[in-house]
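Peer 1: Sequence below, structure please.
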Amino acid sequence: MQIAIFSDSHDNLAGVDRALAAAKAADAQALLHCGDLCAPFVLDRLVAGFAGPIHVVFGNNDGDGRLLQTIAQKYPQIHLHGIYAEVTLGGIEAGLIHYPEPALRIAQSGRLDLVAYGHNHMKKVEIVENSVDKSCVLVNPGEILGMRGKPTVAFYNSATRVCELEELGL
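Peer 2: Got it, this is the predicted structure:
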């Protein structure tokens, strides 16, 4: 299963559209968003451009939680989890959270195959080894916003357990 990983879209609808086009081109079957959608209308945009399951956690700039929940309830493929989620996708166990520090600790726990996070807008993919001899891919897909450089997203293949970053065209 190909899993698209987004973060920090911050209402950049043109960027969200480019990210969704990249997910379609990569044949992604599931989407993880690591927070900072900002305005709830971004959920509508995600649903309009992605037919598979969409898992979303809150970031520090997602201010209208009630409206996010109201919109998410309209769409069966959206799973709005709050600040943290663990999901099973394509035979792997994945966690998603907005913040880097707890993401690292979760990856080090040895319980998950993939942990995705955002917040600092800095793209990064690393393999975290842990005490139970199970490695975990820890990924920050970067930002859709494009504030700190070129917008990026990530794609994780559950069969190969490889995660790759992709720059979005401007």
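Peer 1: Using CSV, write out every CA atom in stretch 71-81.
Peer 2: C-alpha atoms of stretch 71-81 as CSV (Å, rounded to 0.1, in the frame of the first residue of the first chain):
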residue,chain,number,x,y,z
ILE,A,71,-17.0,18.7,8.6
ALA,A,72,-15.2,15.3,9.3
GLN,A,73,-18.6,13.7,10.3
LYS,A,74,-20.0,14.4,6.8
TYR,A,75,-17.4,12.2,5.2
PRO,A,76,-16.9,8.5,6.0
GLN,A,77,-13.3,8.4,4.7
ILE,A,78,-12.1,11.1,7.1
HIS,A,79,-10.9,10.0,10.5
LEU,A,80,-10.2,13.0,12.8
HIS,A,81,-8.2,11.6,15.7
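Peer 1: How about residues contacting it?
Peer 2: For stretch 71-81, the external contacting residues (C-beta atoms under 8 Å, 6 or more residues apart in numbering) are 40-41, 43-44, 46-47, 50-57, 68-69, 85, 87, 96. (C-beta placed from N, C-alpha, C; glycine too.)
Peer 1: Just the buried ones among those residues, please.
Peer 2: Among the contacts of stretch 71-81, the ones that count as buried by 16 or more other C-beta atoms under 10 Å are 40, 43, 46-47, 50, 53-57, 68, 85, 87, 96.
Peer 1: Now, those that are in helices?
Peer 2: 43, 46-47, 68 (DSSP state H).
Peer 1: Would you mind giving those as TSV with distance to residue 108 added?
Peer 2: Compiled in TSV, these are given as follows (distance: C-beta to C-beta, whole Å):
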residue	distance to residue 108
43	31
46	30
47	34
68	30
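Peer 1: can you pull the buried residues of the longest helix along the chain?
Peer 2: Using DSSP H, we find that the single longest helix of the chain is helix 13-25. Residues of helix 13-25 classed as buried by neighbour count (16+ other C-beta under 10 Å): 15-16, 18-20, 22-23.
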